[in-house]
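Student: Model the structure of this input:
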Amino acid sequence: MARILCVDDEASAVALKRSILEHAGHDVKVSSAANEAILLLETERFDAVVTDWKLGEESGRQILLAAKRRADVPVVVVSGYCMDALRAAEPQADIYLEKPVDATELVAIVEALLRTGEAQANRSGRART
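Tutor: This is a model prediction of the structure:
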C-alpha cells in the first residue's frame, strides 16, 4: 500500500481518482488547491502524486516542483491540458494522461512507477523517504 497525494480542483474528479486508488489498496489524501497540496508535500511523506495541471488560476507545475524538490516522488499529471503541461519548463512529470482517464490504466501506471522507484532505491542502497 502506497501513500498517494491526489490533487484536482474539480470535486467530482478528485473523488473519482481517490476512489479508484483506494479500491486498488492505496492510502489516498486529496487536495483541491495547489498551495494546500504543496504544504502537504512539505509536511507529509507521499509515495506518489496524481495531479491535474490546471487548478483554477494555479498550475500543477508548482505541485510538480514541490514533489521533485522533496524527494524523487513519481508524479502523474491527469489533465485535459497535457500539451500545455508538456511545454512547461523542467522538471517534467513521470507521465501525462489525458482526461478522462481509464481507472485500470491509472492504477497500472501508478503501481508501475511505484515499483520502478522501489527498485531504484534498492539498487542505490537507500530507502525511499
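
Student: Now do the helices in this structure.
Tutor: 11-23, 34-43, 60-70, 82-87, 103-124 (DSSP state H).

Student: what residues does the second one touch?
Tutor: The one in question is helix 34-43. 5, 7, 29, 31, 46, 49, 51, 55, 58-60, 62-63, 66-67, 70, 73 (Cβ atoms under 8 Å, 6 or more residues apart in numbering). Just so you know, the C-beta spots here come from the backbone N, C-alpha and C atoms, and that holds for glycine as well.

Student: Sort out which residues of that helix are buried, please.
Tutor: 34, 37-38, 40-41 (16 or more other Cβ atoms under 10 Å).

Student: The shortest one too?
Tutor: Across helix 82-87, burial judged by 16+ other Cβ under 10 Å covers 82, 85.

Student: With only the CA atoms kept, save the least confident helix or strand in the chain by mean pLDDT in CSV.
Tutor: Sorted by mean pLDDT, DSSP states H and E, the helices and strands of the chain end with helix 82-87, the least confident at a mean of 74. Taking C-alpha atoms only, helix 82-87 is exported to CSV below (Å, rounded to 0.1, in the frame of the first residue of the first chain):
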residue,chain,number,x,y,z
CYS,A,82,-1.5,17.8,-21.3
MET,A,83,0.0,19.7,-24.2
ASP,A,84,0.4,22.8,-22.0
ALA,A,85,2.0,20.7,-19.3
LEU,A,86,4.4,19.1,-21.8
ARG,A,87,5.6,22.5,-22.9
